[in-house]
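Participant: kindly return the folded structure for what I paste below:
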Amino acid sequence: MGTIIAIANHKGGTGKTSSCFQLAGYYAAKGKRVLLCDLDPQASLTKLFGFDPQTLHPSLADLLVDPNVTAADSIHATRLPSVSILPASIHLAAAEKQLITRLNREQALARVLRPSVDAFDVVLLDCPPALDLLNTNGLAAADELIVPVQSSSLAAQALPEFMRTVEAVQREVNPSLVLRGIFVTMHQPNTGHSHAVLEVIREQFPGKVFDSLIPLSVAAKDSTAAATPLLTYAPTSPVAEAYRRLADEIIHHA
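Facilitator: Have a look, this model is predicted:
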């Protein structure tokens, strides 16, 4: 059975979508079958792969609310070999509102996703930047959680609030959810501020912060804009090497 990994943080701008994209590229290069699931109504990951969320059908929204739609119907191949996507659409926010009235609404994604997990080695959930039902569904469906945190004092200060939500999900909805680790994005190694933020996060969550630090990088932004993973777009760049190390750490980190 494939491992379902939620990439989540309730703050925006932490690099969730770009990290999903980059990690998918590295895992595919290792020969793994990857499924990306776009849980964000903004549909940035879906757009990145060239899909139009205005017209896309079927999508995750259809899968969540229409019992006649299956995961096999909603999963689309991408131009990256071995990478598929369960895309978001313009209707995802409306689907979330429909779920609010249903029993076991936190488990909606798990119910529809689990039957398809065996076809993949890794499932990466791009969770929305909000403490909402879609985010909770991502955490409820996941085996593991990794949390990107921007290298800023405000992001570090907000992290404990999100982790309290994670603990509530573990306690009440998904006791099997494991915090695999936290990784720092947009790190600037030559600044005292970035080092101070890193130390604060390490003190707050000892043993849970990955060694790999994702640097602030134009190459990363350009790679995402070009919809081409760093291992192809800028394979020798420091940020490409950082994501390569992070991908290995996520696999082996205990």
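Participant: got a list of what the residue nearest to residue 229 when sequence neighbours are not counted touches?
Facilitator: In space, residue 229 comes closest to residue 25 once its chain neighbours are excluded; the distance is 2.8 Å by CB to CB, 6 or more residues apart in numbering. The C-beta positions use only the backbone N, C-alpha and C, and glycine is treated the same way. Residues near residue 25 by CB atoms under 8 Å, 6 or more residues apart in numbering: 80, 83, 229, 230, 231, 232.
Participant: now name the helix or strand holding residue 25.
Facilitator: According to DSSP states H and E, residue 25 maps onto helix 16-29.
Participant: may I have the strands that pair with the helix or strand just after that helix, each with its orientation?
Facilitator: Per DSSP H and E, the first helix or strand lying C-terminal to helix 16-29 is strand 34-38. Sheet pairing of strand 34-38 (DSSP bridges) gives strand 83-86 (parallel), strand 122-126 (parallel).
Participant: mean neighbour count and distance to residue 221 for those strands - can I get that in TSV?
Facilitator: Output for the strands paired with strand 34-38, formatted as TSV (neighbours: other CB atoms under 10 Å; distance: least, CB to CB, whole Å):
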stretch	mean neighbour count	distance to residue 221
strand 83-86	24	20
strand 122-126	27	17
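Participant: nearest to residue 162, out of the ones you listed?
Facilitator: Comparison of these against residue 162 by CB to CB identifies strand 122-126 as nearest, at 15.0 Å.
Participant: contacts for the helix or strand just after that closest one next, please.
Facilitator: Once the chain leaves strand 122-126, the next helix or strand it forms, by DSSP H and E, is helix 133-141. Applying CB under 8 Å, 6+ apart, the set of residues contacting helix 133-141 from outside is 4, 6, 8, 10, 37, 39-41, 92, 96, 99-100, 105-110, 113-114, 125, 127-128, 145, 165-166, 169, 173-174, 177.
Participant: go through those residues and flag which are in strands.
Facilitator: Judged by DSSP state E, strands contain the following of those: 4, 6, 37, 125, 145.
Participant: pull the most distant pair out of these.
Facilitator: Longest span within these, CB to CB: 37 and 145, 14.0 Å.
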